[in-house]
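> everything below, folded, please.
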Amino acid sequence: MSKFGELIDLQIPVLLSFYTEWSEPSVAMHAVLKDVAAAMGDKCKVIKIDVDKNEELATALRIKGLPTLIIYKDGEMTWRQSGEQNANTLINLIKEFV
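All right, here's what the predicted structure looks like:
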């Protein structure tokens, strides 16, 4: 969990995507996240977290639906939503926190 704290305690927004390989909507988000990362460059960090491999973290954050997307900035959660999102929506959200 201490690594998680280091991951989210950045001055730029950090978009976390919680997914599993067996969830079609989760896998469909991979391409969207790649587009978001490309559009935002070094103004944002995009991280995918497999809940099957990170059960303790997923439980601590009460991840229920997949995919679950969370934006952190300076170690604080600023936005959270479960379900698929499109790249433009995510880019516009992230820009609010840059």
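
> alpha carbons only for contacts and neighbour counts from here, please
Fine.

> quick one: R62 from S26, how far?
According to Cα to Cα, to the nearest Å, R62 and S26 sit 17 Å apart.

> more neighbours: which of these two?
S26 (21 against 9; other Cα atoms under 10 Å).

> for the helix or strand harbouring the more buried one, name the packing helices and strands.
Using DSSP states H and E, S26 maps to helix 24-40. On a contact count with 3 or more Cα pairs under 8 Å, 6 or more residues apart in numbering; DSSP states H and E, helix 24-40 meets strand 14-19, strand 45-50, helix 87-97.

> list the buried residues of it.
P25, S26, V27, M29, V32, L33, D35, V36, A37 (16 or more other Cα atoms under 10 Å).

> chain center to it: distance?
Put simply, helix 24-40 sits 10 Å off its chain's centre (Cα atoms, centre = their mean, to the nearest Å).

> how about stretch 52-61?
14 Å.

> please apply the same query to stretch 75-83.
In terms of Cα atoms, centre = their mean, the centre of stretch 75-83 is found 8 Å from the chain centre.
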